[in-house]
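S.K.: sequence plus the predicted model coming up.
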Amino acid sequence: MITISIGVNGQKETVANLGRMSEKVKKAVKEEIGASALRIQASAKRRCPVRTGALRNSITVDLYGEMSAEIAPHMPYAIFVEFGTRKMRARPYMTPAAEEERPRLAKELEIIVKGGIE
């Protein structure tokens, strides 16, 4: 499985401040992370090279807790397509999808968290 983590500046402080946030803000953070994960999944599926469609169709989203989501392909050869091999060029689809979403997620979480703590 390919693992790509998206860190957001101030993430540790945000996690530490979750206890001070209202349930409404916690819910908004969780919803935004879920929405962001779905955008990453859609982008990865658009970018994914297709021969049979199995790799594209294997990309799923799983939400964990209040601040975590996993978007991952579940085919054994997914890593070789993403990063290439000695004999096959890389055809990244997960990394570009995650990097494309990073600034949007950071901005949306900042708006939600700043609005909920102040």
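M.R.: Received, thanks.

S.K.: low-confidence ranges in the protein?
M.R.: For the chain, applying pLDDT under 70 flags the ranges 1-19, 116-118.

S.K.: buried stuff in stretch 67-84?
M.R.: For stretch 67-84, burial by neighbour count (16 or more other C-beta atoms under 10 Å) applies to M67, A69, I71, A72, P73, M75, A78, V81, E82. (Each C-beta comes from the backbone N, C-alpha and C, glycine too.)

S.K.: three-state assignment of the residue lying farthest from the centre of the chain?
M.R.: Going by C-alpha atoms, centre = their mean, the residue of the chain most distant from its centre is K87, 29.0 Å out. Using DSSP: H, G, I helix; E, B strand; the rest coil, the structure places K87 in coil.

S.K.: how close does it sit to G65?
M.R.: 40 Å (C-beta to C-beta, to the nearest Å).

S.K.: got a markdown table for the buried residues of stretch 67-84, with distance to K24 and secondary structure too?
M.R.: As requested, the buried residues of stretch 67-84 are exported to a markdown table (distance: C-beta to C-beta, whole Å; DSSP: H, G, I helix; E, B strand; the rest coil):
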| residue | distance to K24 | secondary structure |
| --- | --- | --- |
| M67 | 16 | coil |
| A69 | 20 | strand |
| I71 | 26 | strand |
| A72 | 30 | strand |
| P73 | 34 | coil |
| M75 | 39 | coil |
| A78 | 37 | helix |
| V81 | 41 | helix |
| E82 | 38 | helix |
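
S.K.: kind regards, and thank you for your time.
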